[in-house]
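Enquirer: coordinates only, no sequence provided:
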């Protein structure tokens, strides 16, 4: 009988240790969570591929890295393109997106956003030798759009009033090339992004003033990863206070 009780006691002790061990491992796993963050792949100066290093660089990449360092966030970055990035977060295949994504009321129905981290707007873009100088001049012509962007939303919202059609492209570079090749006459692109492209030799020019000035935000699927938004906001405030944010913008000529 004594041997029986001793055996039962030993089994209970092992089970207790295993339970404690499981709790410790679970806590460690929580602490070591690695987030999957997605972004665009051709949206300089916010994200673009550096062929010399084989890495993606840009304002978004550097801001995310600085905030992660400040807040102790572990993450893997995937540069999959703008529309695919949003789709991955909506499908639960990624935890968050940072991709020059404008905060809008419509997007707030799908995503939870951080505080705005950069203000920009859209502008009309045409070929360098184009004589188009207003929306009225687009009548009967084809305007390029980039899937899922504010520029595309603006172009599609105004096409009936101004009598043009739109043609969708996956990336910024593709819509630029369509204009340069003469397949399209214009697009609406983020002011800072097209300014960077023109500065780096793309044969385009802007027409008119900045449209719809608004902020970019870091975003997660609505109702999820609230702690990640909190950490991003805290880190953003810190890097603004310590000067790191201004250093990042200066690095890219902002």
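Expert: Good, I have the coordinates. Not measured: the values here are computed from a predicted model. Numbers count the residues shown, from 1 in each chain.
Enquirer: run through this structure and note the low-pLDDT ranges.
Expert: Low-confidence segments of the chain (pLDDT under 70): 1-31.
Enquirer: show me where it has helices.
Expert: Along the chain, the stretches classed as helices by DSSP state H are 2-31, 59-71, 82-90, 105-108, 150-162, 172-180, 191-199, 226-241, 244-251.
Enquirer: include distance to residue 138 and mean neighbour count when you put those helices into CSV, please.
Expert: C-beta coordinates here come from the backbone N, C-alpha and C atoms, glycine included. Rendered in CSV, the data for the helices of the chain read as follows (distance: least, Cβ to Cβ, whole Å; neighbours: other Cβ atoms under 10 Å):
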stretch, distance to residue 138, mean neighbour count
helix 2-31, 53, 10
helix 59-71, 30, 20
helix 82-90, 23, 21
helix 105-108, 24, 11
helix 150-162, 5, 17
helix 172-180, 12, 20
helix 191-199, 17, 19
helix 226-241, 38, 17
helix 244-251, 33, 15
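Enquirer: any chance of those in a markdown table, with distance to residue 218 too?
Expert: Below are these laid out as a markdown table (distance: least, Cβ to Cβ, whole Å):
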| stretch | distance to residue 218 |
| --- | --- |
| helix 2-31 | 21 |
| helix 59-71 | 8 |
| helix 82-90 | 11 |
| helix 105-108 | 12 |
| helix 150-162 | 16 |
| helix 172-180 | 20 |
| helix 191-199 | 17 |
| helix 226-241 | 5 |
| helix 244-251 | 13 |
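Enquirer: ok, which of those helices comes nearest residue 126?
Expert: Nearest to residue 126 among the helices of the chain is helix 172-180 (6.7 Å), distances taken as Cβ to Cβ.
Enquirer: pull the residues that contact that closest one.
Expert: For helix 172-180, the surrounding residues in contact (Cβ atoms under 8 Å, 6 or more residues apart in numbering) are 42-43, 125-127, 144-146, 167, 169, 184-187, 189, 193, 197, 202-204.
Enquirer: any idea how far that helix is from the chain center?
Expert: Relative to the centre of its chain, helix 172-180 is centred 20 Å away, using Cα atoms, centre = their mean, to the nearest Å.
Enquirer: quick check: angle from it to helix 191-199?
Expert: Angle between the axes of helix 172-180 and helix 191-199 is 60 degrees (criterion: axes from the mean of the first three to the mean of the last three Cα atoms, to 10 degrees).
Enquirer: between helix 172-180 and helix 150-162, how many degrees?
Expert: Computed by the same axes, to 10 degrees, the angle between helix 172-180 and helix 150-162 is 30 degrees.
Enquirer: give me the residue at the spatial middle of the protein.
Expert: Among the residues of the chain, residue 99 comes closest to the average C-alpha position under Cα atoms, centre = their mean, at 1.6 Å.
Enquirer: from residue 250, how far off is it?
Expert: In this view, residue 99 and residue 250 are 22 Å apart by Cβ to Cβ, to the nearest Å.
Enquirer: again, but for residue 229
Expert: Taking Cβ to Cβ as the measure, residue 229 falls 27 Å from residue 250.
Enquirer: domains for the protein, by residue range?
Expert: Listed by automatic domain parsing, the domain ranges of the chain are 33-117+217-251, 121-213.
Enquirer: okay, how far is it across the first one, tip to tip?
Expert: Okay, so that is domain 33-117+217-251. Terminal residues of domain 33-117+217-251 are spaced 31 Å apart (Cα to Cα, to the nearest Å).
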